[in-house]
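> A predicted structure for the sequence below; I have some questions about it.
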Amino acid sequence: MTSYAFLIFAVALLAWIVARGIREHRDAVALRHRLLDEATDVVDGARLTIAPDQFPVVWGHVDDGRRIKIELIADTMVTRRLPQLWLRITLIETIERGGPTVGALARPTGAEYYSLVHDLPEWMAPPETGTSMLMRGDGRATALEAALLRTRFQRLFADPLLKEVVVTPRATRLMVQASEGERAAHLFLRQTRFPLATVPADAIRSAIAMAKSMSTHLAEQDRADTHQAA
């Protein structure tokens, strides 16, 4: 009789643990879906979807009509530090711009699976920022273009939250830190939890402003090059 009662208790306890785990997972997914709620107020014509990893994605337009994509990337690859939540901004040009593809990555570890810089074939001298930097391109940048981009990257990466900037003829993409994982959850439970309900609108606006400033800088350089050629 005692063994039978213990078996019933063990089954009930297991069912409770499973039900609680399912409920906590459902709640965590619901919280994740709301992380970019404030982004819908930052861009025009915002459209929010959910990616396969259950992080939200927002599409919209900035004030000059260009399309923008706002995403979140959870980085848990480097075990020596806390998980990182990256805010990724992609500003898409209305027409293809001249010029090379060049990118810079701060504090590279080689484990940045999300990075476009690692995929570029040409190593370039990085900007001096006081931290480790990786700068690479597609091999089409002139010496002048490389120097101008290096100077621009140096200014942008004065912000310690900035992780990566990549400029291409079709778009400008950058990644900034949105949050860092909770230490206790990571160290003791090996879980990835970020202590924020939603990415603040001001943080999103700041990241968009950086992307727009980079794009504006390159557009001005294009006009200067066209004027010199004429």
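Nice, I can see it.

> which residue packs closest to the residue nearest the centre of the chain, ignoring adjacent ones?
The residue lying closest to the centre of the chain (CA atoms, centre = their mean) is Arg88, at 2.9 Å. Distance criterion CB to CB, 6 or more residues apart in numbering; nearest residue to Arg88, sequence neighbours excluded, is Glu71 at 4.4 Å. Heads up, the C-betas are built off the backbone N, CA and C, glycines and all.

> Ile73 now?
Using CB to CB, 6+ apart, the closest residue to Ile73 is Trp86 (4.3 Å).

> part of a strand, is the one you found?
Yes - checked against DSSP: H, G, I helix; E, B strand; the rest coil, Trp86 lies within a strand.

> hang on, the residue nearest to Arg88 packs against Ile50?
No - under the criterion of CB atoms under 8 Å, Glu71 makes no contact with Ile50, lying 11.3 Å away.

> now the common contact residues for these two.
Val57 (CB atoms under 8 Å, 6 or more residues apart in numbering).

> what residues does the residue nearest to Arg88 make contact with?
Glu71 makes contact with Ala51, Phe55, Val57, Val58, Leu87, Arg88, Thr90 under the criterion CB under 8 Å, 6+ apart.

> so, low pLDDT: which residues of the chain?
Where the chain drops to pLDDT under 70, the residues are 1-2, 4-30, 77-81, 181-192, 217-230.

> what helix or strand is Phe153 on?
Assigned by DSSP states H and E, Phe153 falls within helix 143-156.

> packing partners of the helix or strand just after that helix?
Reading on from helix 143-156 to the C-terminus, the next helix or strand found by DSSP H and E is strand 162-167. If contacts are counted by 3 or more CB pairs under 8 Å, 6 or more residues apart in numbering; DSSP states H and E, strand 162-167 sits against strand 102-106, helix 143-156, strand 171-180, helix 201-229.

> hmm, 6 Å instead?
strand 102-106, strand 171-180 (3 or more CB pairs under 6 Å, 6 or more residues apart in numbering; DSSP states H and E).

> helices or strands next to the shortest one in the packing?
Think strand 102-106. Contact partners of strand 102-106 among helices and strands, from 3+ CB pairs under 6 Å, 6+ apart: strand 133-137, strand 162-167.

> determine which stretch of those strands is the most buried.
A comparison of those by mean neighbour count, using mean count of other CB atoms under 10 Å, puts strand 162-167 on top with a mean of 24.

> would you mind writing the CA trace of it as CSV?
The C-alpha coordinates for strand 162-167 follow below in CSV (Å, rounded to 0.1, in the frame of the first residue of the first chain):
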residue,chain,number,x,y,z
LEU,A,162,27.7,49.0,-30.9
LYS,A,163,28.7,45.6,-32.1
GLU,A,164,28.7,45.6,-35.9
VAL,A,165,28.2,48.0,-38.8
VAL,A,166,28.1,46.8,-42.5
VAL,A,167,27.5,49.0,-45.5
